[in-house]
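Engineer: whatever this is, show me its structure:
(one chain, ligands or ions: 1)
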Amino acid sequence: MPELSSDSRFTDRFELRPFQKRDAEPLYEAVTVSIPELSQFLPWASRAYGRIDSTRFTRDSIRAFREQRAFDFAIRHRDDSRRHIGNVSIWFVSRGFRSGEVGYWVRSDESRTGIATEVAARMVQVGFEELRMHRIILRIAVGNQPSERVAEKLGFTREGILREELEVHGKWLDHTAYSLLEHEYAAKKEAISALVGSTLSDLPRQDSPIDG
Ligand SMILES: CC(C)(COP(=O)(O)OP(=O)(O)OC[C@H]1O[C@@H](n2cnc3c(N)ncnc32)[C@H](O)[C@@H]1OP(=O)(O)O)[C@@H](O)C(=O)NCCC(=O)NCCS
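Structural biologist: Numbers count the residues shown, from 1 in each chain. A predicted model of the protein is given here:
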């Protein structure tokens, strides 16, 4: 299986880079301003979320990336590397069968500006082109219309309902399974690339290299 490099990936507006230790604080800030929206669908998001959680997430994420188990990326505006915009991740469900899953969230005060669509499209490129996946899935809680729109805009096919797939704050939520296959990606490559926009990576960096 190809090894995924820890380089940043770029979209038109964003830098997606593997987590660093110093991301814990901006991550905490982004989560805490977004709790009402995140807590509807994400089991880990609640009023009790604290710095200990963002520190633990950052540490686990750095380790998982290094061990090539899962690949979390911090979303940052290309011209503001400090403010945390959200997370986008990709991981293998089955390495043997080359199947993977993409997940994302976006801070509430920047939602509805096309961020999830743009960064999820970039993760789909990473999955098919760098990790050589055959199939990528999205699992979206029934009723999460913004996320369903992301799946549709990326050209995923709705497969069916996964009953009571996740327990979120005491409530079992049905999820819709969406998938995109390798040959479908090949046919939709240009449309997906248009969602990502320019991927130029030659902007001057204000950051030091990964310190995790
Ligand atoms: C779901 C989520 C990632 C969408 O992020 P986003 O950056 O706002 O998404 P986009 O701007 O790319 O918008 C995607 C579509 O959803 C629509 N949308 C976004 N927020 C919406 C809202 N609150 N109500 C209705 N539609 C909304 C957009 O208009 C767009 O559809 P369109 O192209 O037909 O206009 C974000 O709302 C979020 O983080 N929610 C909480 C966590 C979560 O649900 N994560 C996903 C788990 S599968």
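Engineer: the residue nearest to Phe71 when sequence neighbours are not counted: what secondary structure?
Structural biologist: By the measure of C-beta to C-beta, 6 or more residues apart in numbering, the closest residue to Phe71 outside its immediate chain neighbours is Ile90, 5.1 Å from it. In short, each C-beta sits where N, CA and C put it, glycine included. The three-state label given to Ile90 by DSSP: H, G, I helix; E, B strand; the rest coil is strand.
Engineer: contacting residues around Ile90?
Structural biologist: When contacts are counted by C-beta atoms under 8 Å, 6 or more residues apart in numbering, Ile90 touches Ala70, Phe71, Gly100, Glu101, Val102, Gly103, Met123, Val126, Gly127, Leu131, Ile136.
Engineer: how about a cut-off of 10 Å?
Structural biologist: Applying C-beta atoms under 10 Å, 6 or more residues apart in numbering to Ile90 gives the contacts 4, 70-73, 100-104, 120, 122-124, 126-127, 130-131, 133, 136.
Engineer: for the most centrally placed residue in the chain, what are its contacts?
Structural biologist: The residue lying closest to the centre of the chain (C-alpha atoms, centre = their mean) is Val88, at 1.6 Å. The contact partners of Val88, by C-beta under 10 Å, 6+ apart, come to 9, 11, 14, 16, 71-75, 102-106, 115-116, 118-123, 126.
Engineer: what sits against Phe71?
Structural biologist: Phe71 is in contact with 4, 6, 9, 16, 18, 61, 64-65, 88-92, 100, 102, 123, 126-127, 130-131, counting by C-beta under 10 Å, 6+ apart.
Engineer: ok, Lys21 touching Asp60?
Structural biologist: No - at 11.9 Å, Lys21 does not count as touching Asp60 under the criterion of C-beta atoms under 10 Å.
Engineer: picking up where we left off before, just list whatever residues bridge to the residue nearest to Phe71.
Structural biologist: For Ile90, the beta-bridge partners under DSSP bridges are Phe71, Val102.
Engineer: how about His77?
Structural biologist: Phe14, Asp80.
Engineer: next, count neighbours for Leu16.
Structural biologist: Using other C-beta atoms under 10 Å, Leu16 has 24 other residues around it.
Engineer: which of the helices or strands spans it?
Structural biologist: Leu16 is located in strand 14-18, with elements delineated by DSSP states H and E.
Engineer: whether that strand contacts the ligand - can you check?
Structural biologist: No - between strand 14-18 and the ligand, judged by C-beta under 6 Å from any ligand atom, nothing touches; the nearest distance is 10.7 Å.
Engineer: adjust the sequence numbering to begin at 57 for everything that follows.
Structural biologist: Right, with 57 as the first residue, what we last looked at is strand 70-74.
Engineer: tell me what that strand is packed against?
Structural biologist: Helices and strands touching strand 70-74, as assessed by 3 or more C-beta pairs under 10 Å, 6 or more residues apart in numbering; DSSP states H and E, comprise strand 65-66, helix 107-122, strand 126-133, strand 142-150, helix 171-181.
Engineer: mind running it again at 8 Å?
Structural biologist: If you count contacts as 3 or more C-beta pairs under 8 Å, 6 or more residues apart in numbering; DSSP states H and E, strand 70-74 packs onto strand 65-66, helix 107-122, strand 126-133, helix 171-181.
Engineer: ok, and what's touching the second one?
Structural biologist: Identification of contacts with helix 107-122 by C-beta under 8 Å, 6+ apart yields 60, 62, 74-77, 79-81, 83-84, 87, 100, 126-128, 268.
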